[in-house]
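1. Fold the following and give me the result.
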Amino acid sequence: MLALMDQTSAGFLVTEAYGPGTTADFTNNTIIDNTTGIAVGYDESDASTVTAHNNLITGNTSYGISSTNPSVDATCNWWGTAVASEIDALIDGDVTWTPYLQTADGPCGGIQPVHNVTQSIYYTTIQGAIDDATAGDVIEVAAGNYVEEITIDKALTLRGLPGM
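-> Residues are numbered from 1 along each chain as shown. Model (predicted):
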């Protein structure tokens, strides 16, 4: 296991700044106490390919993962919390982070609480799902408290799911 910690910038930087074709696969690492755990890309033209699975990415002061452009597959990681809105705050850019580990040891099955069923996309906020929806979409919202004001400006179905 590779453990990177206490870096004043990124624990890892993946970029095509020095040449095209950069790829990285992070699996079973502990990436803690950096400014950013994994920084992906140099600018909006960077096309690095990155996957990150089954890592502990916690305690980083800015972001767990930040991407300037490339899409990052970061599913099934432990972010130090199982609260979707807290994980979302640790992400910057085009990073797919759900499902996520529900504890440091798993299982991998945590999902964001708002689901556009029609498009099969998950969100952390109701408004985010509404904004991205098209007329006729069905949005399901998991039981819980959502501190937000919402504006519905198109015909859609907003369905609350029963609690456990």
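2. what about the protein, any weak spots by pLDDT?
-> Within the chain, the stretches with pLDDT under 70 are 1-8, 163-164.
3. measure the residue nearest the centre of it to W79 for me?
-> Centroid-nearest residue in the chain: W97, 3.4 Å away (criterion: CA atoms, centre = their mean). Going from W97 to W79 by CB to CB, to the nearest Å gives 8 Å. For every residue, glycine as well, the C-beta is placed using N, CA and C.
4. Now for those two: what residues contact both?
-> I87 (CB atoms under 8 Å, 6 or more residues apart in numbering).
5. still on that earlier bit, please verify my assumption that the residue nearest to the centre of the chain contacts I91.
-> Yes: counting by CB atoms under 8 Å, W97 touches I91, with 5.7 Å between them.
6. Are there residues contacting both of the two? Which ones?
-> Common neighbours of W97 and I91, using CB under 8 Å, 6+ apart, are 65, 74.
7. returning to that earlier point: contact partners for the residue nearest to the centre of the chain?
-> 65, 74-75, 77, 79, 87-88, 91.
8. Nearest to N29 among these?
-> Nearest to N29 among the contacts of W97: N77, at 9.5 Å, using CB to CB.
9. residue contacts, that closest one?
-> Residues counted as contacts of N77 (CB under 8 Å, 6+ apart) are 52-57, 64, 97, 100-101.
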